[in-house]
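>>> What follows is a predicted protein model with its sequence.
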Amino acid sequence: MSRPPTPVPVADDPLARERSHLAGSRAALRAMREDAESLDIKDVTANWVNAEVLARQIGERIKSLADLSDTPLFFGRLDYLHSPGADRAEGADGERFYIGRRHVHDHDGDPMVIDWRAPVSQPFYRASKKDPMDVGLRRRFGYTRGDITAYEDEHLSDPAEAATTSKLLQQEIERPRVGPMRDIVATIQPEQDEIVRSGLGGTVCVQGGPGTGKTAVGLHRVAYLLYAHRERLARTGTLVIGPNRSFLHYIEQVLPALGELTVKQATVDDLVAAGLEVHGTDDAAAAVLKGDARMAEVLKRAVYAHVTMPTEPVMVVRGSRRWRVPAYEIEEIVRELLDRGIRYGAAREALPQRIAHAVLVQMERSGEAPDDRVQDAVARNAAVKAAVKAIWPPVDPAKLVLRLLTDADFLAAHAEGILDEDELKTILWAKPVRSVKSAKWSAADAVLIDEATDIVERTHSLGHVVLDEAQDLSPMQYRAVGRRCSTGSATVLGDLAQGTTPWATRSWDEALAHLGKSDGLIEELTAGFRVPTDVITYASRLLPHIAPGLTPVASVRENPGFFDVRPVETADQVVAACEELLRNEGSTGLIAADARVPELAEALTAAGIGHLAPGEETTAETRLTLVPASLAKGLEYDYVVLDEPQAVVDGEPDERTGLRRLYVALTRAVSGLIVTHAAPLPPHLAD
């Protein structure tokens, strides 16, 4: 009779020890959450305002301490040769540190998991055989549904051990993608880590091709900055700007998974609309011109044209005395305010005080001793208020833009030397509009109103803004974003090869100038981690035609992925390709020219295949998303069927934009791609 195997003591089983540490860390996290839940704000607050603020902060703290069962608390371990010191380890003074998504400590306050953003965690991403950074052992963990199932060691300080590619790291990079975007804290590469940990004071622009991780880098940089500069950013705020709602929904879980719950998300249209109803559309020529940076000067001229020099003195009556401020003196005040270059509204508010000050000077010369209350009273005097209204009248930004777009003479007067006659005709509305409310504003019009609003009153600036898919912004949109971080910094993310708007960015230097961040640092990511080798190689055939100066992405994946180009005759064959890919684990996207989406949706329904729209959550039953090519940017699927490449190209106003749209669509797959076509392929993809 065979004997059962002798149990291996935990002390002699490395995997059992790591599982034990994971269990202990989870228990410690639960205790931290329970401590937060047990706080009684009545004991520490004196009024209801403080109570509300503290209650919200405690609520956010409790949410940030959630233990996500499918997300490992730590993904790596560092064993230092020497103690890195308490100043680097958040109070830890040992030589072994578990690196995870957030800090976890036991009841004595000793860390069980170190936040990946802490200085002591940095060597997990940057240490190498050439530069071990005093690390003797780097251990990576493999997980299955939140449980440790494997580990892998690198003895960085052992010259006898050859440097090898981490299998666990490769598996994590190539793991099937289901649902929203996830964090990459376990797989951050050295060149990505340098960008993530760059300082708050500087703006960074990241040029990265498909699958290089630029979006993840930008989000992780926000998380790092919130860790390193939490108090400052808590005061000034942070914002992530994406191209559309589908994209924002796709990325919205990344920061909460890292314990960061206060970062707001928006599109550029969200920022500039400010309650404006946007229902109109522009043709390409009008949209390009309205997005041109020259429009900023036209708007500035139009706003300040409302200022008129005084021709009459101001007479202020106080009691039995009259005080006269001559027109020439008021003109000097007005010109000084104009020369200072302050906002139109701020200067308008300053003008009555300046006139009142001139009156007070006369009072003092006559022997009176007026104080600030007298100056305020004079500034509110009816004669002063009437003069200010005549000299520096209020300006409604929306009404101003409406007049520019509907009054040919008004537009011509303020665009002289800036726009030519054909350009004036391009942006003028064909039909008159009665009011701001009845106008059919376009997205480009909203940006113009936002610019005019900033000329009148300064836009509030945040501490840090992340701008993703920036290559599709117009110069005026860059200016709108730049106003939101005029006293802060930005992370600009994009790929010039994926610019699909008629006003797409031509160079990052130009973009940073429009953003107001000309001193921003431009970094380029060229190592591809998501798109399979065969797929990115095929898509890169388009680069010489759409962005000849860019370096093609070089895939570092060991798995070359699945790739096939198939001639088809009917939509049923496209559906069959989808069915084939759905047999694999993970998500599948069917990407097609917008005009072909209804036909394909009908074919999928007829075949009994459920499908989702972009941004909708995949489920075990429905893993197929039907994606119009115009909404594919920024999204990823494990497998993709790309229908009719030539139709994608033809769906755009010009060939170059169409080829860029095709480049985007070709690079959405992270495991496999099938290209189906009945029409001939674009010649740019020919062998």
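Thanks, I have the structure now. Numbers count the residues shown, from 1 in each chain.
>>> Pretty sure Lys425 sits in a helix.
Yes: Lys425 forms part of a helix when assessed by DSSP: H, G, I helix; E, B strand; the rest coil.
>>> ok, so what distance separates it from Leu411?
10 Å (Cβ to Cβ, to the nearest Å). (Each C-beta comes from the backbone N, C-alpha and C, glycine too.)
>>> more crowded one of those two?
Leu411 (21 against 13; other Cβ atoms under 10 Å).
>>> does the residue lying closest to that one once chain neighbours are set aside count as helix, strand or coil?
Leaving aside its sequence neighbours, Leu411 sits nearest to Leu404 (Cβ to Cβ, 6 or more residues apart in numbering; 5.0 Å). What three-state DSSP gives for Leu404 is helix.
>>> List the residues that contact Leu404.
Contact analysis of Leu404 by Cβ atoms under 8 Å, 6 or more residues apart in numbering lists Val298, Leu299, Ala302, Phe410, Leu411, His414, Leu448.
>>> The host helix or strand of the second one: how far from the chain's middle?
Secondary-structure element containing Leu299, defined by DSSP states H and E: helix 294-304. Centroid separation between helix 294-304 and its chain, computed with Cα atoms, centre = their mean, to the nearest Å, is 28 Å.
>>> For that helix, which outside residues touch it?
Under Cβ under 8 Å, 6+ apart, the answer for helix 294-304 is 289, 338, 344, 395, 400-401, 403-404, 410-411, 414-415, 418-419, 448, 451-452, 455-456, 476, 479.
>>> Restricted to helices, list those.
Using DSSP state H, the subset of those located in helices is 289, 338, 344, 400-401, 403-404, 410-411, 414, 448, 451-452, 455-456, 476, 479.
>>> How many neighbouring residues does Ser438 have?
Neighbour count of Ser438, defined by other Cβ under 10 Å: 9.
>>> That one - that's part of a helix, no?
No: counting by three-state DSSP, Ser438 falls outside a helix, being coil.
>>> Now do it, the pLDDT please.
Ser438 is assigned a pLDDT of 90 by the prediction.
>>> ditto for the one 5 residues further on
Confidence per residue is given as pLDDT, and for Ala443 that number is 95.
>>> With Gly213 instead?
90.
>>> now could you export just the CA positions of the longest helix that the chain contains as PDB?
When the chain is parsed with DSSP H, its longest helix is helix 14-37. What follows is helix 14-37, C-alpha atoms only, in PDB (Å, rounded to 0.1, in the frame of the first residue of the first chain):
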ATOM      1  CA  PRO A  14       8.700  28.900  -1.000                       C
ATOM      2  CA  LEU A  15       5.300  29.000  -2.700                       C
ATOM      3  CA  ALA A  16       3.500  28.200   0.500                       C
ATOM      4  CA  ARG A  17       5.400  31.000   2.300                       C
ATOM      5  CA  GLU A  18       4.400  33.500  -0.400                       C
ATOM      6  CA  ARG A  19       0.800  32.300  -0.200                       C
ATOM      7  CA  SER A  20       0.900  32.800   3.600                       C
ATOM      8  CA  HIS A  21       2.200  36.300   3.100                       C
ATOM      9  CA  LEU A  22      -0.600  37.000   0.700                       C
ATOM     10  CA  ALA A  23      -3.200  35.800   3.100                       C
ATOM     11  CA  GLY A  24      -1.600  37.900   5.900                       C
ATOM     12  CA  SER A  25      -1.500  40.900   3.700                       C
ATOM     13  CA  ARG A  26      -5.200  40.500   2.800                       C
ATOM     14  CA  ALA A  27      -6.100  40.200   6.500                       C
ATOM     15  CA  ALA A  28      -4.100  43.400   7.200                       C
ATOM     16  CA  LEU A  29      -5.900  45.200   4.400                       C
ATOM     17  CA  ARG A  30      -9.200  44.100   5.800                       C
ATOM     18  CA  ALA A  31      -8.100  45.400   9.200                       C
ATOM     19  CA  MET A  32      -7.100  48.800   7.700                       C
ATOM     20  CA  ARG A  33     -10.500  49.100   6.000                       C
ATOM     21  CA  GLU A  34     -12.300  48.100   9.300                       C
ATOM     22  CA  ASP A  35     -10.300  50.800  11.100                       C
ATOM     23  CA  ALA A  36     -11.400  53.400   8.600                       C
ATOM     24  CA  GLU A  37     -15.100  52.200   8.800                       C
END
